[in-house]
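K.L.:
Have a look at this prediction, sequence included:
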Amino acid sequence: ETITTEPSMSFMTYGFVDYEGDTEYNCPRLPVRLMIFAGVCMGICVCGLVGNGIIMWFLGFHRKQNPFTVYILNLAVADFSLLLIFFLLLSLILILIAFCLYNLVSFYLDFVVIVEFLCHFFDLSSLGLLAAISVERCISVL
């Protein structure tokens, strides 16, 4: 049917056209460098989680508490929590990409926004504890 009022719409058809046969769905992949980088970061996270877990186990259950060990124990807890969050974020993005679950990316972005506060909190508490340990050690030397 021809519409003569607007020249851009002079040929108009009714019904729908099936374009699904013409398009092919390909799942986009990350570059190999980024996959290797994520794997190295996850390995570092696992090593840090194991190390901080051993420190928490040793200082929490097998050592007499004094002010210095309490600082170190709190520092280990803050670092363990931060590494756990980074590990979860990396593993979640790799799972989303590996299984081509791009419909869950909005969930991942919401998760990142929520977890961002915890990352800042644990990072700043770790830095604050390091500063407190340094000041206390310097004062004890004087």
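P.N.:
Yep, it's here.
K.L.:
For the rest of this, base every contact and every neighbour count on C-alpha atoms.
P.N.:
OK.
K.L.:
Helices of the chain, residue ranges please.
P.N.:
Using DSSP state H, the helices assigned to the chain run over residues 32-61, 67-98, 105-141.
K.L.:
tell me the most buried of those?
P.N.:
The highest mean neighbour count among those, using mean count of other CA atoms under 10 Å, belongs to helix 67-98: a mean of 17.
K.L.:
Following the record's annotation, map out the domains of this structure.
P.N.:
For the chain, the structural domains run 30-101, 102-141, going by the TED database.
K.L.:
Let's have those domains in CSV, adding mean pLDDT.
P.N.:
Converted to CSV, the domains of the chain look like this (pLDDT from 0 to 100):
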stretch, mean pLDDT
domain 30-101, 91
domain 102-141, 89
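K.L.:
Residue 55 is in contact with residue 71, isn't it?
P.N.:
No - using CA atoms under 8 Å, residue 55 makes no contact with residue 71, being 11.9 Å away.
K.L.:
residue nearest the centroid of this structure?
P.N.:
residue 89 (2.4 Å; CA atoms, centre = their mean).
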